[in-house]
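# Quick one: sequence and predicted model below, then my questions.
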Amino acid sequence: MEDSIKKYQIGSTSAIIQWIEQKLFEFIRKYVVIGTQNMTKRNALCIGINKYLNAPSANLKFARADAESMAKVLSDVNRGGFSCRLLLDEQATKSEILTAFNQLLLDPELGKEDFAFVYYSGHGGIDNSGNLYLTATNTSFQKSDSASIDLTSCVHMRELEISLDNSRAGTIVIILDTCFSGASGKAFSRINCQNKDNILLIGASRSDEVAHEMSHLGHSLFTSYFLEGLALKPAKGEWITLQQLLSFVNEKMREYESQELEVSTHYIDPDVLIAKNPISKLESAEFTGDVQGIFSLLKAKMNTLPNIPNFFIAEQSLGIATVKTGVLCLNNKKTEILPSHVDQFLTLVEQSRGRKELDRGMLVTETIIDPSLGITNSTISHK
């Protein structure tokens, strides 16, 4: 009977791999999404520095990409909902960083219900007193390399403490993806937390550790996992919380014994809302189970991810090769697929491919996807 045939749409950004009747779907694209906000104001500053004008040997590969990716998520009205300023490379002089930081935190219109978020990716160090400093694109190196730095040309943590101490924002989150960034926590002994609900200083490494860039991921270790965490099943309604993200990142980073998070906090509400995940509206255990049934007919081994219930990895032998396909199942019968869904699916699969967890990705939807999203539609069916 016709009713016994189930048809699903499979979107692919490269080519379509025909899993049925010897036609595998050749593809590799991805997606996931998120939603808006709750607080009156959500303002953010993202800084990424690859280029050091006075010491090219100190240049980084992925700090700029880290900041750009973070800003993309934060500024998306359907995800983070932040008003976000981005400083990259030559824009990120010491003067510009301090000005932007002060403008963000000392905005006189901020109140206790408002959220100020800062993200920095670049070089960091500690002075002789164990205090953290951040480098700017125009930081002066006393030699032609990064071994000797003029501290007066850096952004010292004590310079930032003035704004931290006097900000009217009720929630302040500062993420520092630098070497030795755990040392930022020393600031808590000097700043006034009395009028603030939440202040979190998050170091991507401990005060005695370096932070790592990962060439195969195109990001730093910390930021790659932070971005991956934005595909988690929301902990609070549609929202992914900071506590949820940090728990995920910390667990993932334990695999790297040379780097771990160091977080210093003063908070009343641990559920600081970072980004929404409307993709949760497209989750369907029944639909995902049906798709897994198709792969079972093809004798594929399946590994599910507990944190992302509608995503699984199908492992199948193709001749002498084994192919791992990351499959995201979205029931879009009632909810429209948006470009941001496709973007985050891309991020999810690219990060997993970088870690050699899969070879390609497949987006399976209940109904045909709008062609303007750049997704090629095809159908598969089973009885």
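Yep, that arrived.
# Look up how far residue 162 lies from residue 87.
19 Å (Cβ to Cβ, to the nearest Å). Using the backbone N, CA and C atoms, a C-beta is placed for each residue, glycine as well.
# The two - which one has more neighbours?
Higher neighbour count among residue 87 and residue 162: residue 87, with 23 against 15, using other Cβ atoms under 10 Å.
# Helix or strand: which one has that one?
For residue 87, the element it lies in under DSSP states H and E is strand 83-88.
# Pull out the buried residues from that strand.
Within strand 83-88, the residues that count as buried by 16 or more other Cβ atoms under 10 Å are 84, 85, 86, 87, 88.
# pLDDT below threshold where in the stretch 1-150 of the chain?
1-39, 142-147 (pLDDT under 70).
# ok, which stretches of it are strands?
Remark: strands assigned in the stretch 1-150 of the chain by DSSP state E, counting those that start in this stretch are 6-12, 17-20, 23-25, 42-48, 83-88, 115-121, 124-126, 132-134.
# Can you give me the distance of the residue lying closest to residue 305 once chain neighbours are set aside to residue 232?
Spatial nearest neighbour of residue 305, excluding adjacent residues (Cβ to Cβ, 6 or more residues apart in numbering): residue 311 at 5.5 Å. Distance of residue 311 to residue 232, given as Cβ to Cβ: 11 Å.
# which one of those two has more residues nearby?
Neighbour tally, residue 311 and residue 232, criterion other Cβ under 10 Å: the higher count belongs to residue 311, 24 against 19.
# ok, that one touching residue 330?
No. The criterion here is Cβ atoms under 8 Å, and residue 311 misses it with residue 330 at 9.9 Å.
# Looking at the buried residues of strand 83-88, which is nearest residue 265?
Within these, proximity to residue 265 (Cβ to Cβ) peaks at residue 84, which comes in at 22.8 Å.
# list the contacts for that closest one?
Residues in contact with residue 84, defined by Cβ atoms under 8 Å, 6 or more residues apart in numbering, are 43, 44, 45, 46, 71, 74, 75.
# what's the answer for residue 106, then?
Contacts of residue 106 by Cβ under 8 Å, 6+ apart are 163, 166, 167.
# How about residue 42?
With contact set as Cβ under 8 Å, 6+ apart, residue 42 has these partners: 80, 81, 82, 83, 114, 115, 117.
# Show me the one in the residues you listed that has more neighbours than the rest.
Counting neighbours by other Cβ under 10 Å, residue 80 comes out on top of the contacts of residue 42 with 28 neighbours.
# With the flanking residues excluded, which residue is spatially nearest to that one?
Using Cβ to Cβ, 6+ apart, the closest residue to residue 80 is residue 74 (3.9 Å).
# can you pull the contacts of that neighbour?
Residues near residue 74 by Cβ under 8 Å, 6+ apart: 44, 46, 80, 82, 84, 117, 119, 275.
# hey, what's the fifth one bridged with?
Just to be clear, that refers to residue 84. Beta-bridge pairing for residue 84 (DSSP bridges): residue 44.
# 112 is where my numbering starts, stick with that
Yes, from this point I'll number from 112; that puts the last item at residue 195.
# can I get the CA coordinates of the strand holding residue 198 in PDB?
Output of strand 194-199 as PDB, limited to C-alpha atoms (Å, rounded to 0.1, in the frame of the first residue of the first chain):
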ATOM      1  CA  SER A 194      24.600  43.700  19.300                       C
ATOM      2  CA  CYS A 195      28.200  42.800  18.500                       C
ATOM      3  CA  ARG A 196      31.400  44.800  17.600                       C
ATOM      4  CA  LEU A 197      34.200  43.000  15.900                       C
ATOM      5  CA  LEU A 198      37.900  44.000  16.000                       C
ATOM      6  CA  LEU A 199      40.300  42.000  13.800                       C
END
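# tell me the contacts of the residue nearest to residue 320 when sequence neighbours are not counted?
Nearest non-adjacent residue to residue 320, counting by Cβ to Cβ, 6+ apart: residue 370, 5.5 Å away. Shown in contact with residue 370 (Cβ under 8 Å, 6+ apart): 315, 316, 317, 320, 321, 322, 323, 332, 333, 364.
# what's the closest of these to residue 464?
The nearest one, if we look at the contacts of residue 370 relative to residue 464 and count by Cβ to Cβ, is residue 332, at 16.2 Å.
# Do me a favour and get the end-to-end distance for stretch 336-356?
One end of stretch 336-356 to the other measures 9 Å (Cα to Cα, to the nearest Å).
# how distant is it from the center of its chain?
With Cα atoms, centre = their mean, to the nearest Å as the basis, stretch 336-356 stands 9 Å off its chain's centre.
# quick one: average confidence on that stretch?
The average pLDDT for stretch 336-356 rounds to 89.
# buried set for that stretch?
For stretch 336-356, burial by neighbour count (16+ other Cβ under 10 Å) applies to 336-346, 349-356.
# Kindly report the same for stretch 396-411.
Neighbour-count burial for stretch 396-411 flags 398, 399, 401, 402, 403, 405, 406, 411 (criterion: 16+ other Cβ under 10 Å).
# Pretty sure the last one sits against residue 424.
No. Counting by Cβ under 8 Å, residue 411 does not reach residue 424; the two are 9.4 Å apart.
# just the contacts of residue 217 now: which is nearest residue 416?
residue 278 (38.1 Å).
# Could you give the backbone dihedrals for the closest one?
For residue 278, the backbone dihedrals are phi -70, psi 140 (criterion: degrees, to the nearest 10).
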